[in-house]
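>>> no FASTA, just this:
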Ligand SMILES: Cc1ncc(COP(=O)(O)O)c(C=O)c1O
């Protein structure tokens, strides 16, 4: 069978040295003008832009290679199935999981966490049992556990951060008790950029027999991830922040857990057999993928990962780290700007407040200059309350951002300041 989907190898950006202009040329939207100004896209923490390689892969999958997966015996069904399962293998390689059976396709990171909370948590967490989170969590890694508090009487505990947004490993450790049954923790904060030392967290947790779920919605984009090395029990991420399509996410789970977990949803694809009075379930990963999956989105995610790996994850990290350092310096010149989150180990996300101006107004002014940043709660209200704010503006960087764009952001902020001062 011919697999028509191209590989990332022939793309201009997949070359050494790191050539940000070549990368930019691979992302068509970056050539757009907004309000007559070149787009400066700094809202990557919310969702990243898409390479033409990813877009063409999706287009091709619909135009030439489309059918439903797993159930057909005809050519196109076999081709679509091969492409879909190849994407699963790409994700396995990306995370360095042991087997494809540990890779479950979900709609997004949120669904992966809900799946674990309901299926694993519903089985193992009962009244008075504790779930340890951090105060930095996105609502996606709070609300599914909150449901267990409501349903089962579980207790939520919150590990703190310092005033500079540093994760406090000792304080975290002190909150673990004999009742702790789950640690659910972000790899990288979507507000502060703080990177959590997951390997240490897992070592501490496993020494006490506690499983760890890692919310990698930001971490998988900005940090190399090796789930065997991290030894996390569960790791979730979401495709659209990783330059892939919307509607697709991934839950990695250790086989030893997945094999014993009950299904999350019922329907086609997830069963072994169904009779009028008995149902058996398929083995993982299919047990957790009820109904027709997001076929083309998964294939698109595979292409996005191929692109990222083609450029090189370490090289992307080095580029983003240098850009973050530059941005922190440049924004540090503005003494009327309060940056929230200055952890030593920090990824490319900068939240800030401007003296005398609401973040929504700041973001609206920046938009006039073509600069896209996010303003609001960033779905992390407990964290914002910790810092005594109800919203912030947030600039978040990606592999295609440049120093010039940071300069444009700074210029836009100066203009906004003139208006509000
Ligand atoms: C840290 C973190 N976790 C979870 C999510 C949820 O991602 P999704 O909405 O794609 O499920 C986000 C999205 O902003 C995030 O930043």
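Thanks, I have the structure now. Since we're looking at a predicted model, the values are computed, not measured.
>>> can you map out the helices along the stretch 1-150 of the chain?
Counting by DSSP state H, counting those that start in this stretch, one finds helices in the stretch 1-150 of the chain at the ranges 20-25, 52-64, 75-95, 109-115, 122-124, 143-152.
>>> Turn those into TSV, columns for mean neighbour count, mean pLDDT and distance to the ligand.
Every residue, glycine included, has its C-beta placed from N, CA and C. Output for those, formatted as TSV (neighbours: other C-beta atoms under 10 Å; pLDDT from 0 to 100; distance: least, C-beta to the nearest ligand atom, whole Å):
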stretch	mean neighbour count	mean pLDDT	distance to the ligand
helix 20-25	17	97	22
helix 52-64	18	98	16
helix 75-95	19	97	15
helix 109-115	25	98	3
helix 122-124	14	96	20
helix 143-152	16	97	11
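>>> I'd like these written out as a markdown table, with distance to residue 320 added.
Converted to a markdown table, the helices of the stretch 1-150 of the chain look like this (distance: least, C-beta to C-beta, whole Å):
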| stretch | distance to residue 320 |
| --- | --- |
| helix 20-25 | 11 |
| helix 52-64 | 19 |
| helix 75-95 | 17 |
| helix 109-115 | 20 |
| helix 122-124 | 37 |
| helix 143-152 | 29 |
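>>> Report the buried residues of stretch 264-274.
Neighbour-count burial for stretch 264-274 flags 264, 269, 270, 271 (criterion: 16 or more other C-beta atoms under 10 Å).
>>> Which ones among those lie within strands?
residue 271 (DSSP state E).
>>> Nearest to the ligand among the buried residues of stretch 264-274?
residue 264 (15.1 Å; C-beta to the nearest ligand atom).
>>> ok, now which ones touch that closest one?
114, 115, 118, 119, 288, 290 (C-beta atoms under 8 Å, 6 or more residues apart in numbering).
>>> can we see that at 6 Å?
115, 118, 119, 288 (C-beta atoms under 6 Å, 6 or more residues apart in numbering).
>>> Looking at those residues, which are in strands?
Checking the contacts of residue 264 against strands, none of them qualifies (DSSP E).
>>> Widest-spaced pair of those?
118 and 288 (10.7 Å; C-beta to C-beta).
>>> Looking at those two, which one has more neighbours?
residue 288 (26 against 19; other C-beta atoms under 10 Å).
>>> distance of that one from residue 250?
11 Å (C-beta to C-beta, to the nearest Å).
>>> ok, for the residue nearest to the spatial centre of the chain, nearest residue in space, not its chain neighbours?
Nearest residue to the geometric centre of the chain (C-alpha atoms, centre = their mean): residue 217, 1.6 Å. Distances taken as C-beta to C-beta, 6 or more residues apart in numbering put residue 109 closest to residue 217, at 4.2 Å, once the chain neighbours are dropped.
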